[in-house]
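Chemist: prediction below, plus the sequence it came from.
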Amino acid sequence: MALGLMATVAAFSLNPVADAQEMLTYDFMQYAFMAGTAMSLLGGFVGYFVVLRRAVFAGEALSHVAFAAVLGATVAGFDPLAGLLIITVGVALAMGVLSGRTRTRDVTVGIVLAWILGLGALFLSIYTTSSSGGNAQVGVNALFGSILGLDLRQTQEAVVVAAAAAVVLLVIARPLLFASIDPDVAAARGLPVALLGTLFLGVVAITVAEGVQVIGALLILALLVTPAAIALRLTARPFRAMILSALLGLVFTWAGLTLGFYEPYPVSFFITALAFGSYVLTVVGQYVARNRGRLLPARGTVALSGEQAARHER
Amino acid sequence: MTVQFSWNPLTDLQLLFQYHFMQNAFLAGTVVAVAAGAIGYFMVLREQTFAGHALAHIGFAGAAGALLLGISPVVGLLAVGIVAALTMSSLGAQESGPRGQSAVAIGTVYTFSLGLGLLFLQLYSGQAENVVGILFGAVLGISDQDVSIVGLTAAVAIATLVAIGRPLLFASIDPDVAAAQGVPVRLLSSAFFVLLAFAVAQAVQVVGILLVFALLVAPAATAQRLTARPGVAIVVSVVLSLLFTWTGLAVAYFAPYAVVGFYVTSVAFGTYLLVRLAEVVGHGRRSVVRELKAERV
């Protein structure tokens, strides 16, 4: 995280074109924007289904698996992204197949997850005490992201994998939407509901694996769940919500990267803060809009209690 | 750590306690395990595991902020935890499972809190080791001061739990009947959320923020599978929690990698798995016996 250095190199002007040129003169910022764009578009798109199918916990579970996987691959000397993808997608497919038959209780999932994270901590310890002399920064990067440290090959891999996952999701989007909204009717119409669910978990796993690099295993929900949650609050129409969700993710990432470039603080912090702030604004905005009659009584009337106001409106 | 494990338990015990840091670790671990085992029982009973999970994650900002301010991370964890617990209880997080709509809201809040913690640690110009210590526990480096803070808060938490234990149990099992009998269900619920914040802040000292499930959920969930009687289950939960902590500490001391959190979670996971397997086997045998009896009839 060599962020302190950048703050001295770059100064923010109010000319957006100059600022963009300034940022993009650095290779690492180009890579960060490319990988960040791919991840946030995919995350917003996938996230719509995650929120719709109430699979927040599954996303969280897979992010924990991803953390252990990336450290395990590092210790074993494999390519981290390849190891990450293979293990996370494997676990996701297993989860999909198993959950088709049994309903696992959250307590069980929680205990398994704690153990997987513990395994990650062990790998981290093995790595830091190994002769190659690594340090715990690898673990922190896996947990909180390392978007400014990507190289060209990693960026290309991230973009290609994200595109592939997006294509898979596009192909299954319509039946998946049907199966998510009404699984019983979808099954009666002959849709392979269980297969769709498993495929979808595989796509979530790829998204999570991408997100580990961009924003980190612990913060993945900020790009996987929050944009979609905001979009679902603003519109009920599926494809509009998906596009809005992807755009919101993109805005959070781009703004986070820009802030992280000009201010000496972590990009991941800015992305989570923007996501959180937008979510709070949306919730508060909707609350105010819904209760406008109650909060701002019409001129000339005495302030009414909620019940009275409701009666008044009628 | 290059301590030789022998098969003589007495020598091993002497080796284990020869260093002050191990004495501290065992002292803190024991106190934490008792509190976590007892409070965890109620947490699993009330199906508030997601709330515990969220409280731990939200606590990260508190622990990191405390480091930045130069005070003990336990204090920061407690302060942020209590505020978050009261907010969650007033917003009615009781009804929110990990699949509910409020999972999105809670997830968004704790993700932001984790990001904030990252910012604090960056401002503190902390080493990556600090982050890893908070996330995965650093009980082998626990200070005398932290041991006394942990001891004091655990004593307060356990005393409170003893005081409200009976009505809390009633309110957890059947809130409607309890309310009809005049038990202050809502007040108890808020009080329990605060207790949960205490338990989480303490468990973090041993296993870290990410692994609190190992001490708060695993012993209680295992105990509930072994017995239906609340009093017995609480004792079993505390004993299991002590067992996990002590085994984890001892293994970490003798093993080449001193990752207490990993060993505690492994023992916890293994025990839970064993109990579940034993249930399946026992169930299978019972049904076979039943079939044989049916054949004879």
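Modeler: Good, I have the coordinates.
Chemist: what's near enough to touch residue 40?
Modeler: Just going to use chain A. Contacts were defined as Cβ atoms under 8 Å, 6 or more residues apart in numbering or on different chains; by that measure A:S40 touches A:V214, A:L223, A:P227, A:A246, A:G249, A:L250, A:F252, A:T253. In this view, the C-beta of every residue, glycine as well, is placed from N, C-alpha and C.
Chemist: if you could check chain B rather than the one you did, that'd help
Modeler: Per Cβ under 8 Å, 6+ apart, neighbours of B:G40: B:A199, B:L215, B:L216, B:V217, B:P219, B:A220, B:S237, B:S241.
Chemist: I'd assumed B:V238 was in contact with the fifth one.
Modeler: Right, the one you point to is B:P219. Yes - if you go by Cβ atoms under 8 Å, B:P219 and B:V238 touch, sitting 7.5 Å apart.
Chemist: number of nearby residues for the nearest residue to A:D151 once chain neighbours are set aside?
Modeler: Nearest residue to A:D151, sequence neighbours excluded (Cβ to Cβ, 6 or more residues apart in numbering or on different chains): A:Y31, at 6.9 Å. Neighbourhood size, A:Y31 [other Cβ atoms under 10 Å in any protein chain shown]: 22.
Chemist: same question, B:R290
Modeler: Neighbour count for B:R290, taken as other Cβ under 10 Å: 10.
Chemist: and what of B:V235?
Modeler: 16.
Chemist: ditto for B:A228
Modeler: By other Cβ under 10 Å, the residues close to B:A228 number 8.
Chemist: and A:I181, by the same measure?
Modeler: Neighbour tally, A:I181, other Cβ under 10 Å: 12.
Chemist: verify the stated contact: it with A:R54.
Modeler: No - using Cβ under 8 Å as the test, A:I181 is too far from A:R54 to be in contact (11.9 Å).
Chemist: let me know the helix or strand that residue 187 is in.
Modeler: You didn't pick a chain, so chain A it is. Assessed by DSSP states H and E, A:A187 sits inside helix A:183-188.
Chemist: wait, chain B
Modeler: Taking DSSP H and E as the definition, one finds B:L187 inside helix B:185-207.
Chemist: give me the buried positions along that helix.
Modeler: Neighbour-count burial for helix B:185-207, counted by 16 or more other Cβ atoms under 10 Å in any protein chain shown, picks out B:185, B:188-189, B:191-207.
Chemist: quick one: mean pLDDT over it.
Modeler: On average, the pLDDT along helix B:185-207 is 89.
Chemist: how about the helix or strand just after it, does it reach chain A?
Modeler: Using DSSP H and E, the helix or strand that follows helix B:185-207 towards the C-terminus is helix B:213-216. Yes - under the criterion of Cβ under 8 Å from any Cβ of the partner chain, chain A is reached by helix B:213-216 at B:F213, B:A214.
Chemist: now do the following helix or strand past helix B:213-216: distance to the chain's middle.
Modeler: Past helix B:213-216, further along toward the C-terminus, the next helix or strand under DSSP H and E is helix B:218-226. Taking the mean of its C-alpha atoms, helix B:218-226 sits 13 Å from the chain's own mean (Cα atoms, centre = their mean, to the nearest Å).
Chemist: what sits up against helix B:218-226?
Modeler: Applying Cβ under 8 Å, 6+ apart, the contact partners of helix B:218-226 are A:107-108, A:111, A:114, B:36-37, B:40-41, B:43-45, B:233-234, B:236-238, B:240-241, B:244, B:265, B:268-269, B:271-272, B:275-276, B:279.
Chemist: try 7 Å
Modeler: With contact meaning Cβ atoms under 7 Å, 6 or more residues apart in numbering or on different chains, helix B:218-226 is reached by A:107, A:111, B:37, B:40-41, B:43-44, B:233, B:236-237, B:240-241, B:244, B:268-269, B:271-272, B:275, B:279.
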